[in-house]
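K.L.:
Mind folding the following:
(chains A and B)
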Number of protein chains: 2
Amino acid sequence: MKPSNIIDLNDRKAVEDFVNRFDYIICDCDGVLWIDKDVIPGAPQTLNKLRSLGKKIIFATNNSTKTREEFLNKLKTFGFVANLKELFPSSYTTAIYLQMIKFSGKVYILGSSGIAKELAKVHIESFGVGPDETPSNWSPGMADFDLDPNVKAVAVGFDNQLSFPKLAKACSYVKNPKCLFIATNRDETYPSSKPEVVVPGPGALVSAIETVTGRESISLGKPGTFFFDCIRYIHPEIDPKRTVMIGDRLTTDMVFGHNNGLKTFHVQTGIGTFEEMIDFARSDKSEDQLCVPEYYAKSLAQILPFL
Amino acid sequence: MKPSNIIDLNDRKAVEDFVNRFDYIICDCDGVLWIDKDVIPGAPQTLNKLRSLGKKIIFATNNSTKTREEFLNKLKTFGFVANLKELFPSSYTTAIYLQMIKFSGKVYILGSSGIAKELAKVHIESFGVGPDETPSNWSPGMADFDLDPNVKAVAVGFDNQLSFPKLAKACSYVKNPKCLFIATNRDETYPSSKPEVVVPGPGALVSAIETVTGRESISLGKPGTFFFDCIRYIHPEIDPKRTVMIGDRLTTDMVFGHNNGLKTFHVQTGIGTFEEMIDFARSDKSEDQLCVPEYYAKSLAQILPFL
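P.N.:
Predicted coordinates:
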């Protein structure tokens, strides 16, 4: 039995009431619109229909592997209507953050090219992206490299080129308390196309660096409030009370919604399950209550027939 | 000012009193006897002199990168007198642990060859050691591999061949609650020969996997009590009250000593500094008091003239 205060968007009346409550949609991407290279059936049609009803859409993803332009291409390929100003990957919010604090220096990236390209657009030099294999002369127990004294920040994102030298370099820079330690986000895992395969997210690398250095990162992704500040910076007219957050992760997307006074809609096509939603709803811990959505559906497509 | 209850072994009287209080020495290796490929000056002479005075010596290291035989060679090369029965690297204690619980199945190793070789000696099959680079067809955000259903344990040690696929595989196995999740130890860093270079230890990888899977590891290294049980299993005559733990890490070696009722001697040639020792001594937290040694010296060599 689900608690009665969580509404399943499975009939016309519920969906109509829901749709009348917002003007803006902030929509997560991985696990809501697609998983890796596969679009989630019905997601483009549903979002496009909501847009045709006059709803404004923001695509907000903790994914930092791509630039806004690359995300725009992916959206268009899958048939989503979208434009550049609507796109907020955490690669972009990282660049905005560094601009806002008037950052000066180089950035060491333990992450993918999306971060490097967004930083380059705001004239911030960075390096670290790509393979960096262990030299054959490193015996077990050692590491040997020179640090660039101009590095004043480390940015950690999803990195499927993770290697021991890269982790050691990130830790060595972060060990210096004057070096900024930025997590584009702390997602523990990425949605996986094989149920038995776990895809470790930036949260894994951030935990590793925190353990090694004893420092805590600044997290620029959901569920933090900076991410919404950044959206509002570009879209000052957005009204949190007339905005709904749509996402698959209970512990980031739904918490982000509550942290910023948004309505919350959980779609169960990605990481967070119906059972986890119910477990959070039944918990008496206040932090667990932040993971509970107001609305849910098996998928975005579930509401399409009622729009 | 140091607290008066921590004794600096810097005169004949202090060293004589100290030496009369124990029969057995449990001695850490990295940071006490050597750093990477360099012996710590005077360490062999001091330990050999203690041995000639009738003291029994156990070499106990969280380092899991080598087998007992390989550690023995390293000790002998540096001029230490030693024999195989005295050697307890965490590669060996991992093998003993799996034997004691009558483990059946394969082990996936995120670590070095020392673990694989010690497991092979007790007829446990394992794989995972060595390079495992990211296939070029893995796009950012994905991982794709098959799991071996016979893997029933993951053992994490120091791994300077860490890669994204290896982390993803370790996490995927550990995600199964029936798979044992073993940390050979949780050392955050290894001693580094360059002060600005941080060498991440197994603790970094264990934290990453715990973050991703939500599981906690079984830690077989210091400061856990299993490590001492294992020494006692091979040396049943050892009396904790007549044993001193010598080490450089306040948070592992000294805690290990206190956890097992041993005397504690901190040598300041590795990770833990005099200043950190004083900070722990001044703290009123009980867990910090476990990091405070009874004796300390700048190096093992400091006590040699008084033996």
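K.L.:
for chain B, what are the nearby residues on the stretch 1-150 of chain A?
P.N.:
Selection of the stretch 1-150 of chain A residues close to chain B by C-beta under 8 Å from any C-beta of the partner chain yields A:30, A:36-37, A:63, A:65-66, A:112, A:114, A:131, A:133-134, A:138-145, A:147. For every residue, glycine as well, the C-beta is placed using N, CA and C.
K.L.:
which of these count as buried?
P.N.:
In these, burial by neighbour count holds for A:30, A:36, A:63, A:65-66, A:112, A:114, A:134, A:138, A:140-144, A:147, counting by 16 or more other C-beta atoms under 10 Å in any protein chain shown.
K.L.:
Can you flag which of those residues belong to helices?
P.N.:
With helices taken from DSSP state H, the overlap with those comprises A:Gly114.
K.L.:
Could I get the pLDDT score of the residue positioned nearest the centre of chain A?
P.N.:
In chain A, the residue lying closest to the centroid (C-alpha atoms, centre = their mean) is A:Asn62, at 1.3 Å. Note on A:Asn62: pLDDT of 91.
K.L.:
Check A:Tyr190 too.
P.N.:
The model's pLDDT for A:Tyr190 equals 85.
K.L.:
what's near enough to touch it?
P.N.:
By C-beta atoms under 8 Å, 6 or more residues apart in numbering or on different chains, the residues touching A:Tyr190 are A:30, A:158, A:199-201, B:141-142.
K.L.:
Return the distance of the residue lying farthest from the centre of chain A relative to chain B.
P.N.:
Relative to the centre of chain A, and counting by C-alpha atoms, centre = their mean, the farthest-placed residue is A:Asn137 at 37.9 Å. Distance, A:Asn137 to chain B, by C-beta to the nearest C-beta, to the nearest Å: 11 Å.
K.L.:
Give the rounded mean pLDDT of stretch A:144-159.
P.N.:
97.
K.L.:
Save the contacts of A:Tyr190 as TSV, and put in distance to B:Ile246 too.
P.N.:
Output for the contacts of A:Tyr190, formatted as TSV (distance: C-beta to C-beta, whole Å):
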residue	distance to B:Ile246
A:Asp30	51
A:Phe158	43
A:Val199	43
A:Pro200	37
A:Gly201	41
B:Gly141	48
B:Met142	48
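K.L.:
So which of those residues are in strands?
P.N.:
A:199-200 (DSSP state E).
K.L.:
Lowest-confidence one in the contacts of A:Tyr190?
P.N.:
Taken together, those show their lowest pLDDT at B:Gly141, with 79.
K.L.:
Quick check: nearest residue in space to that one, chain neighbours excluded?
P.N.:
A:Tyr190 (5.3 Å; C-beta to C-beta, 6 or more residues apart in numbering or on different chains).
K.L.:
Distance check, the one you found against A:Cys171.
P.N.:
Plainly put, A:Tyr190 is 23 Å away from A:Cys171 if you go by C-beta to C-beta, to the nearest Å.
K.L.:
what's the distance between stretch A:207-215 and the middle of its chain?
P.N.:
Averaged C-alpha coordinates place stretch A:207-215 at 21 Å from its chain's average position (C-alpha atoms, centre = their mean, to the nearest Å).
K.L.:
what does stretch A:20-33 give?
P.N.:
On C-alpha atoms, centre = their mean, the centre of stretch A:20-33 falls 13 Å from the chain's centre.
K.L.:
Chain A - how does it break down into domains?
P.N.:
A:7-62+A:223-306, A:103-219 (automatic domain parsing).
K.L.:
Can you tell me which of those is packed in deepest?
P.N.:
Mean neighbour count, computed with mean count of other C-beta atoms under 10 Å in any protein chain shown, is highest for domain A:103-219 among the domains of chain A, reaching a mean of 21.
K.L.:
residues in contact with the nearest residue to A:Arg282 once chain neighbours are set aside?
P.N.:
Spatial nearest neighbour of A:Arg282, excluding adjacent residues (C-beta to C-beta, 6+ apart): A:Pro3 at 7.3 Å. By C-beta under 8 Å, 6+ apart, A:Pro3 lies in contact with A:278, A:281-282.
K.L.:
now do A:Lys241
P.N.:
A:Gly261.
K.L.:
how about 10 Å then?
P.N.:
Residues in contact with A:Lys241, defined by C-beta atoms under 10 Å, 6 or more residues apart in numbering or on different chains, are A:21-23, A:261-263.
K.L.:
cool, and A:Asn83?
P.N.:
Contacts of A:Asn83 by C-beta under 10 Å, 6+ apart are A:57, A:59, A:68, A:72, A:75-76.
K.L.:
Among the contacts of A:Tyr190, which pair sits farthest apart?
P.N.:
Distance extremes for those: the farthest pair is A:Asp30 and A:Pro200 at 14.1 Å, using C-beta to C-beta.
K.L.:
Show the average pLDDT along whichever strand or helix holds A:Thr94.
P.N.:
Element membership of A:Thr94 [criterion: DSSP states H and E] is helix A:90-100. Helix A:90-100 carries an average pLDDT of 92.
K.L.:
Where do the helices of the stretch 51-200 of chain A begin and end?
P.N.:
A:68-77, A:90-100, A:113-121, A:164-175 (DSSP state H, counting those that start in this stretch).
K.L.:
can you tell me if stretch A:204-221 touches chain B.
P.N.:
Yes: applying C-beta under 10 Å from any C-beta of the partner chain, one finds stretch A:204-221 touching chain B at A:204-214.
K.L.:
could you give the mean pLDDT of that stretch?
P.N.:
Mean predicted confidence for stretch A:204-221 is 96.
K.L.:
do stretch A:17-26 as well
P.N.:
Averaged across stretch A:17-26, pLDDT comes to 98.
K.L.:
Stretch A:67-74 too?
P.N.:
pLDDT averaged over stretch A:67-74 gives 94.
K.L.:
ok, now stretch A:41-59?
P.N.:
98.
K.L.:
Can you show me the helices along the stretch 201-307 of chain A?
P.N.:
Counting by DSSP H, counting those that start in this stretch, residue ranges of the helices within the stretch 201-307 of chain A are A:202-213, A:226-234, A:255-259, A:274-282, A:286-289.
K.L.:
re the thing from before, how about the nearest residue to the residue nearest to the centre of chain A, chain neighbours excluded?
P.N.:
A:Asn185 (3.5 Å).
K.L.:
And for A:Ile109, nearest residue in space, chain neighbours not counted?
P.N.:
Leaving aside its chain neighbours, A:Ile109 sits nearest to A:Gly128 (4.1 Å; criterion: C-beta to C-beta, 6+ apart).
K.L.:
Can you pull the phi/psi pair for A:Asp23?
P.N.:
phi -110, psi -30 (degrees, to the nearest 10).
K.L.:
For it, give me its contacts.
P.N.:
Contacts of A:Asp23 by C-beta under 10 Å, 6+ apart are A:54-56, A:237-239, A:241-244.
K.L.:
Could you rerun that using 6 Å?
P.N.:
A:Arg242 (C-beta atoms under 6 Å, 6 or more residues apart in numbering or on different chains).
K.L.:
and the gap between it and A:Asn259?
P.N.:
Distance from A:Asp23 to A:Asn259, by C-beta to C-beta: 20 Å.
K.L.:
residues in contact with A:Tyr97?
P.N.:
A:Tyr97 touches A:Leu220, counting by C-beta under 6 Å, 6+ apart.
K.L.:
circling back: the residue nearest to the centre of chain A against A:Ser90, yeah?
P.N.:
Yes: A:Asn62 lies in contact with A:Ser90 (C-beta atoms under 6 Å); the separation is 5.0 Å.
K.L.:
what pLDDT does the spatially closest residue to A:Glu294 that is not a sequence neighbour get?
P.N.:
Spatial nearest neighbour of A:Glu294, excluding adjacent residues (C-beta to C-beta, 6+ apart): A:Thr264 at 5.1 Å. On pLDDT, A:Thr264 comes in at 98.
K.L.:
Any idea what A:Thr264 is bridged to?
P.N.:
For A:Thr264, the beta-bridge partners are A:Met245 (DSSP bridges).
K.L.:
got a list of what it touches?
P.N.:
Contacts of A:Thr264 by C-beta under 6 Å, 6+ apart are A:245, A:254, A:257, A:293-294.
K.L.:
what do you get for A:Thr93?
P.N.:
Counting by C-beta under 6 Å, 6+ apart, the residues that A:Thr93 touches are A:220, A:227, A:230.
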